[in-house]
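Novice: Build me a model from this:
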Amino acid sequence: MSGGEGVEEWGEGIRSLRLPMPAFGGVNALLIGEKGNHAIVDTGLPNAATAQVWAQIDEGWASGARQIVCTHMHIDHIGQAGPLLARSGASFLMNAVEHADAVRLTGMTPAQRLVELQALWARNGFDASLARLPSDYSVMAPFPTSFQPLAHGDQVDLGGIGFEVHIGGGHSLAPACFYSRGRKILIAGDQLLSGSGPQIVVQSDDPDYDAMGAYLDFLEQMQALPEDTMVLPGHGQKLPLGATITRIRQGHLARLERVKAVVTEWMSCADMVPLVFSDRALAHLRSRMPHMMPALANYLALRGQLSRRVNDAGIVLYGPVQGL
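Specialist: Residues are numbered from 1 along each chain as shown. Here you go, the predicted structure:
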């Protein structure tokens with residue numbers, strides 16, 4: 001399968017293989033370079049449907065890879081890393097922080113993860129009894145331990161194409177993006193997506209993480225690249241860099257202003273949600289609100305634009321700042 005169903009030419013020596021996923025129109029695995037001297041960027045979910053796609057693709061693409069790269073540790077991007085590494089003997093490239101997070105999660109039982117998740121819900125005023133695990137990372141254990149760490153500013157060759165490594169944040173802790181100056185393309189993983197962009201979230205094990213600050217810093221970093229750069233995202237179709245950054249940033253800044261406007265008294269993140277997000281957004285993202293709403297509130301509190309305290313029940317509350 002060099003150009004058949006599910007494979008799309010995205011540039012000279014760059015192919016996108018669409019992998020199945022119920023949401024977001026599938027996962028884009030990129031095949032960089034010519035077969036037998038190529039890199040695979042992102043691998044799909046750890047399920048039978050995704051494994052079948054990799055089993056049916058031309059054997060040279062699955063077993064002949066020189067490098068397997070995971071942009072970040074979310075389950076839809078690392079799910080087939082182990083099997084593909086076993087088939088190909090390829091080098092494994094990933095940011096060290098993202099790799100450590102993948103190892104941590106794959107080493108936890110679903111019950112352990114649920115306890116951690118319920119604690120996040122409770123501290124932000126959400127009904128913790130409603131928390132349900134979205135994904136079971138333990139099915140990937142043991143996660144591959146041998147890897148080449150990717151750091152910001154690294155220069156890497158993927159399938160014969162030179163890339164600069166840019167490390168971001170916000171959607172996960174330290175995702176890797178890859179920019180080719182010669183071709184003006186950016187392999188962005190989930191850091192730049194269509195619509196309102198990726199979900200910017202706090203993690204269950206780090207509820208005070210300044211996710212929104214990290215993400216806005218990433219957008220500023222990307223603003224320094226040529227505006228006509230083409231973005232190759234982890235989901236959906238190719239995107240123009242300049243317009244994508246503008247659209248996503250404006251959406252986040254508008255939402256931050258809305259949070260400041262509605263917080264006129266002490267309230268929890270759960271209290272804020274129906275005042276900040278539309279019914280349409282909640283229909284799709286209600287279960288993600290305990291992660292997304294604190295990202296907004298933390299950003300404002302850390303910059304002195306909201307007050308913050310913890311009540312006797314252990315719930316984090318936010319209030320207006322006098323004089324603002």
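Novice: Could you use CA atoms for every contact and neighbour count after this?
Specialist: OK.
Novice: okay, stretch 183-192 in PDB with CA atoms only?
Specialist: In PDB, the C-alpha atoms belonging to stretch 183-192 read as follows (Å, rounded to 0.1, in the frame of the first residue of the first chain):
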ATOM      1  CA  ARG A 183      10.600  22.800   2.800                       C
ATOM      2  CA  LYS A 184       8.700  25.100   5.200                       C
ATOM      3  CA  ILE A 185       6.800  22.300   6.800                       C
ATOM      4  CA  LEU A 186       6.000  21.800  10.500                       C
ATOM      5  CA  ILE A 187       5.200  18.300  11.800                       C
ATOM      6  CA  ALA A 188       3.000  19.400  14.700                       C
ATOM      7  CA  GLY A 189       1.400  16.400  16.300                       C
ATOM      8  CA  ASP A 190      -1.500  17.700  18.200                       C
ATOM      9  CA  GLN A 191       0.000  21.100  19.000                       C
ATOM     10  CA  LEU A 192      -1.800  22.700  16.000                       C
END
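Novice: List of residues touching that stretch?
Specialist: Stretch 183-192 has contacts (C-alpha atoms under 8 Å, 6 or more residues apart in numbering) with 42, 71-72, 168-169, 171, 175-180, 197-198, 226, 228-235, 244-245.
Novice: burial of the nearest residue to R15 once chain neighbours are set aside, as a residue count?
Specialist: Among residues not flanking R15 along the chain, E9 sits closest, at 4.6 Å (C-alpha to C-alpha, 6 or more residues apart in numbering). E9 has 14 neighbours, counted by other C-alpha atoms under 10 Å.
Novice: Got phi/psi on E9?
Specialist: Note on E9: its backbone torsions stand at phi -70, psi 120 [degrees, to the nearest 10].
Novice: isn't it right up against S16?
Specialist: Yes - judged on C-alpha atoms under 8 Å, E9 makes contact with S16 at a distance of 6.4 Å.
Novice: what about V53, how many neighbours?
Specialist: That count, for V53 with other C-alpha under 10 Å as the rule, works out to 17.
Novice: and after the longest helix along the chain, which helix or strand comes next?
Specialist: Of all segments of type helix in the chain, defined using DSSP state H, the longest is helix 241-262. For helix 241-262, the following helix or strand on the C-terminal side (DSSP states H and E) is helix 269-276.
Novice: you'd agree Q118 is up against L133?
Specialist: No - using C-alpha under 8 Å, Q118 is not in contact with L133, being 9.6 Å away.
Novice: who has more neighbours, the two?
Specialist: Q118 (20 against 14).
Novice: Please report how far the nearest residue to the more buried one once chain neighbours are set aside lies from T109.
Specialist: Distance criterion C-alpha to C-alpha, 6+ apart; nearest residue to Q118, sequence neighbours excluded, is A128 at 4.9 Å. Noted for A128: a distance of 18 Å to T109, by C-alpha to C-alpha, to the nearest Å.
Novice: lowest-pLDDT helix or strand in the chain?
Specialist: Ranked by mean pLDDT, DSSP states H and E, the weakest helix or strand in the chain is helix 59-63, scoring a mean of 86.
Novice: List the strands paired with the next helix or strand after that helix, with their directions.
Specialist: Downstream of helix 59-63, the first helix or strand assigned by DSSP H and E is strand 67-69. Neighbouring strands of strand 67-69 in its sheet, by DSSP bridges, are strand 39-41 (parallel), strand 91-94 (parallel).
Novice: got TSV for those strands, with mean pLDDT and distance to E220 too?
Specialist: As requested, those are arranged in TSV below (pLDDT from 0 to 100; distance: least, C-alpha to C-alpha, whole Å):
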stretch	mean pLDDT	distance to E220
strand 39-41	98	24
strand 91-94	98	23
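Novice: Please identify the deepest-packed of those.
Specialist: Mean neighbour count (mean count of other C-alpha atoms under 10 Å) peaks for strand 39-41 among the strands paired with strand 67-69, with a mean of 27.
Novice: Mean confidence (pLDDT) on stretch 271-278, please.
Specialist: Averaging pLDDT along stretch 271-278 yields 97.
Novice: Provide the contact partners of that stretch at residue level.
Specialist: The list of residues contacting stretch 271-278 from outside it, by C-alpha under 8 Å, 6+ apart, reads 125, 255, 258-259, 262-263, 289, 293.
Novice: where do the helices sit along the stretch 51-200 of the chain?
Specialist: For the stretch 51-200 of the chain, the helices defined by DSSP state H, counting those that start in this stretch cover 59-63, 75-78, 81-88, 96-106, 110-123.
Novice: Looking at the ones you listed, which is nearest to Q155?
Specialist: The closest of the helices of the stretch 51-200 of the chain to Q155 is helix 96-106. By C-alpha to C-alpha, the value is 15.9 Å.
Novice: can you pull the buried residues of that closest one?
Specialist: Buried residues in helix 96-106, defined by neighbour count with 16 or more other C-alpha atoms under 10 Å: 96-99, 101-103, 105-106.
Novice: Please convert those to CSV, extending it with pLDDT and distance to A313.
Specialist: As requested, these are exported to CSV (pLDDT from 0 to 100; distance: C-alpha to C-alpha, whole Å):
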residue, pLDDT, distance to A313
A96, 98, 36
V97, 98, 33
E98, 98, 33
H99, 98, 35
D101, 97, 30
A102, 98, 32
V103, 98, 33
L105, 97, 28
T106, 97, 32
